[in-house]
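*Asks:* Sharing a model that was predicted from the sequence below.
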Amino acid sequence: MTRFKLVFSEAVRSIGANLSTSIAATMTVLIGMFLLGLFIALGTWVVSWSDHVKSELQIKVYFVDDVTPKQVNAVSSYLRTDSRIGEYHFVSKGDALKYARKHYPKQLTENLASNPFPASFQITPLRAENLKAISADLRKQKFTGVDTIKDGQQLSKRILSVARVIELVFLIAVLVLLGASVLLIANTIRLSIFARRREIEVMKLVGATNWFIRGPFMVEGLLCGLGGAIAAVLLLVLGKEAVMPAIIPSTYTSPDVRAWSFSLIAVTLVGIGLAVGALGSGLTLRRFLKV
């Protein structure tokens, strides 16, 4: 315990001796962790939204008006054998009309001379990525009684493309922010080592171990990382109600679409802040501390 107090006090003294650089390092971590917190919230929401939309993508097999039960059963038998299909169900002409009257304006569905909606199978793949292959295989079967086969290939392609772009931008931004934080903390530790080089030589001569000498510098880096991460979390608490509703649509109320919880984001940021501080210290000590 006494050794830990000594190491901690030396780290605090070093931060005070290089106050401006330590503040700059902490502010860099603060800005990086704050932006990272926003990116995590937005990125996890986008991934969740993408998964939700993909889960709703369906293939629809529409039948001709005079389709026979035998022809419907032939399609059903084929669907039952395809392991890529998660679920499917038959929608009769009457059910299709009821759905239209429930979801479309009355002007479009009232006073109809006959039912214009065809019977269909609505097919949901286990994985949205299999949508194109399942649709192509269905077309190859050339079932009698089938009018058209429609799928959401274009919508799925756009969704996946947008999600990939966002993930790439998110990854680049995270790497840049973390790299800047690590380098500035490394420079802070380097200045501390240079200012205390004679003291380090004396400590080594009197028998101090390498880890005892490294301890204050490691704690200094951890304190800078921890301080910046905690400050970023406090800023996120203040800006959560004002910023997030402007980024994520509040009208989207699906329970399947949600970002990580704030508590999980906060814990992640503190952990990353500590890791950034430790990495910055470790890189500097390895390269510049010759003991």
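*Replies:* Happy to help now that I have it. Residues are numbered from 1 along each chain as shown.
*Asks:* After the lowest-mean-pLDDT helix or strand in the chain, which helix or strand is next?
*Replies:* Lowest mean confidence among the helices and strands of the chain (mean pLDDT, DSSP states H and E): helix 106-109, at a mean of 65. Toward the C-terminus, helix 106-109 is succeeded by strand 120-125 as the next helix or strand (DSSP states H and E).
*Asks:* Tell me which other helices or strands that following strand touches.
*Replies:* strand 59-63, helix 69-81, strand 85-91, helix 131-141 (3 or more C-beta pairs under 8 Å, 6 or more residues apart in numbering; DSSP states H and E). Quick note: C-beta positions are derived from backbone N, CA and C, even for glycine.
*Asks:* CA atoms of the longest one as PDB?
*Replies:* These are the backbone C-alpha positions of helix 69-81, laid out as PDB (Å, rounded to 0.1, in the frame of the first residue of the first chain):
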ATOM      1  CA  PRO A  69     -55.200 -25.500 -55.000                       C
ATOM      2  CA  LYS A  70     -53.000 -28.100 -56.600                       C
ATOM      3  CA  GLN A  71     -50.800 -25.300 -58.000                       C
ATOM      4  CA  VAL A  72     -50.600 -23.500 -54.700                       C
ATOM      5  CA  ASN A  73     -49.700 -26.800 -52.900                       C
ATOM      6  CA  ALA A  74     -46.900 -27.400 -55.400                       C
ATOM      7  CA  VAL A  75     -45.300 -24.000 -54.500                       C
ATOM      8  CA  SER A  76     -45.800 -24.700 -50.800                       C
ATOM      9  CA  SER A  77     -44.100 -28.100 -51.100                       C
ATOM     10  CA  TYR A  78     -41.100 -26.500 -52.700                       C
ATOM     11  CA  LEU A  79     -40.800 -23.800 -50.000                       C
ATOM     12  CA  ARG A  80     -41.000 -26.400 -47.300                       C
ATOM     13  CA  THR A  81     -37.800 -28.100 -48.600                       C
END
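*Asks:* now that helix: mean pLDDT?
*Replies:* Confidence over helix 69-81, taken as the mean pLDDT, stands at 91.
*Asks:* tell me which element Thr148 falls in.
*Replies:* strand 146-150.
*Asks:* Hmm, I typed the wrong one, I wanted Gly221.
*Replies:* Counting by DSSP H and E, the element that carries Gly221 is helix 210-247.
*Asks:* packing partners for that helix?
*Replies:* Counting contacts by 3+ C-beta pairs under 8 Å, 6+ apart, the secondary-structure elements packed against helix 210-247 are helix 2-17, helix 19-56, helix 153-195, helix 197-205, helix 262-288.
*Asks:* Just put these in CSV and tack on mean pLDDT and distance to Gly221.
*Replies:* Converted to CSV, these look like this (pLDDT from 0 to 100; distance: least, C-beta to C-beta, whole Å):
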stretch, mean pLDDT, distance to Gly221
helix 2-17, 70, 9
helix 19-56, 76, 8
helix 153-195, 73, 5
helix 197-205, 71, 16
helix 262-288, 77, 3
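*Asks:* of the ones you listed, which approaches Gly215 most closely?
*Replies:* Nearest of the helices and strands packed on helix 210-247 to Gly215, taken as C-beta to C-beta: helix 2-17 at 3.9 Å.
*Asks:* any idea which residue sits dead centre in this protein?
*Replies:* Ranked by distance to the mean C-alpha position of the chain (C-alpha atoms, centre = their mean), the top residue is Thr44 at 3.2 Å.
*Asks:* who's in contact with that residue?
*Replies:* Remark: with contacts taken as C-beta atoms under 8 Å, 6 or more residues apart in numbering, Thr44 is in contact with 259-260.
*Asks:* 10 Å instead?
*Replies:* Contacts of Thr44 were listed using C-beta atoms under 10 Å, 6 or more residues apart in numbering, and they are 170, 258-261, 264-265.
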